[in-house]
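Visitor: just the structure for this:
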Amino acid sequence: MKKSLISSIVVTAVFSFNIAAAEQAPQKIVDLANTTLSGMGSDPVIVKAVKAENAKGKSLKQIQELDDKWKNTPGISDFMNVFLENDCAKHLRVIQNSTPYYAEIFVMDNQGANVCQTDKTSDYWQGDEAKFKNSYANGSGKIFVDEVEFDDSSQAYLVQVSVPVQDGGKTIGAISFGIDVDRVE
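Guide: Residues are numbered from 1 along each chain as shown. As a prediction, this is how the structure comes out:
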């Protein structure tokens, strides 16, 4: 009886901590998502890059093979530089450097595979993650504001905001912004 009571208390405490640790994004982030960030989904440089990547017609198997290689490659390899140094990535860095609250920015194609990015992502394929699923939304496109989380690499509280990339009103991909919550005014 004593062991099960202690186990119940521990489980309740851990469960309560996880609820408290998951914090909704402040209204200023939601407002930013619905104004400035949503507009970047139709940026001509980003749209052009996503259209070009979609036109390659990669299979999910090819994407997942590259994802495995990506996750198992330490540091930055030559095959990763394609996504970090293309015209779209250079454009994203200009956007990132324009405001102190952009911790990272990356663009995904219509399957959730990386197109361009400011920093190396932990994996190549985002298609199985909420940031892609909720913003691409099976082609219907929606703004997605995730919960605030502490990011170990930047030592800051970040929220992922993802918006659809659209070409002529059609959703063709998604763009995700890592926003440093404490830097948004």
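
Visitor: okay, now V181: neighbour count?
Guide: By other Cβ atoms under 10 Å, the residues close to V181 number 18. (Each C-beta comes from the backbone N, C-alpha and C, glycine too.)

Visitor: one more: A25?
Guide: 20.

Visitor: helix, strand, or coil at it?
Guide: Under the three-state scheme (DSSP: H, G, I helix; E, B strand; the rest coil), A25 adopts coil.

Visitor: contacting residues for it?
Guide: Shown in contact with A25 (Cβ atoms under 8 Å, 6 or more residues apart in numbering): 145-148, 159, 161, 181.

Visitor: where along the protein do the strands fall?
Guide: With DSSP state E, the ranges of strands along the chain come out as 102-108, 114-117, 144-145, 149-151, 156-167, 170-180.

Visitor: if we can go back for a sec, need the buried ones from the contacts of A25 selected in PyMOL.
Guide: Remark: buried members of those, expressed as a PyMOL selection using 16 or more other Cβ atoms under 10 Å:
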select buried, resi 145+146+148+159+161+181
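
Visitor: closest one of the contacts of A25 to T35?
Guide: T35 has its nearest neighbour among the contacts of A25 in V161, at 11.3 Å by Cβ to Cβ.

Visitor: list the contacts for S162?
Guide: 131-132, 134-135, 143-144, 146, 174-177.

Visitor: of those, closest to Q96?
Guide: Using Cβ to Cβ, those come closest to Q96 at F177, 9.0 Å.

Visitor: where does the protein have low pLDDT?
Guide: 1-22 (pLDDT under 70).

Visitor: which stretches of it form helices?
Guide: 2-21, 27-32, 38-39, 44-55, 60-71, 78-85, 87-98, 130-136 (DSSP state H).

Visitor: in the second one, which residues are buried?
Guide: It refers to helix 27-32. 29, 32.

Visitor: and of the strands of the chain, who's closest to F83?
Guide: So among the strands of the chain, strand 114-117 is nearest, using Cβ to Cβ, at 5.0 Å.

Visitor: name the helices or strands packed onto that closest one?
Guide: helix 44-55, helix 78-85, helix 87-98, strand 102-108 (3 or more Cβ pairs under 8 Å, 6 or more residues apart in numbering; DSSP states H and E).

Visitor: tell me the strands beside that strand, with direction?
Guide: Applying DSSP bridges, strand 114-117 is found paired with strand 102-108 (antiparallel).

Visitor: tell me what angle the partner strand forms with strand 156-167.
Guide: 30 degrees (axes from the mean of the first three to the mean of the last three Cα atoms, to 10 degrees).

Visitor: chain center to strand 102-108, what's the gap?
Guide: 6 Å (Cα atoms, centre = their mean, to the nearest Å).

Visitor: could you number the chain from 30 rather than 1 from now on?
Guide: New numbering, starting at 30: the last item is strand 131-137.
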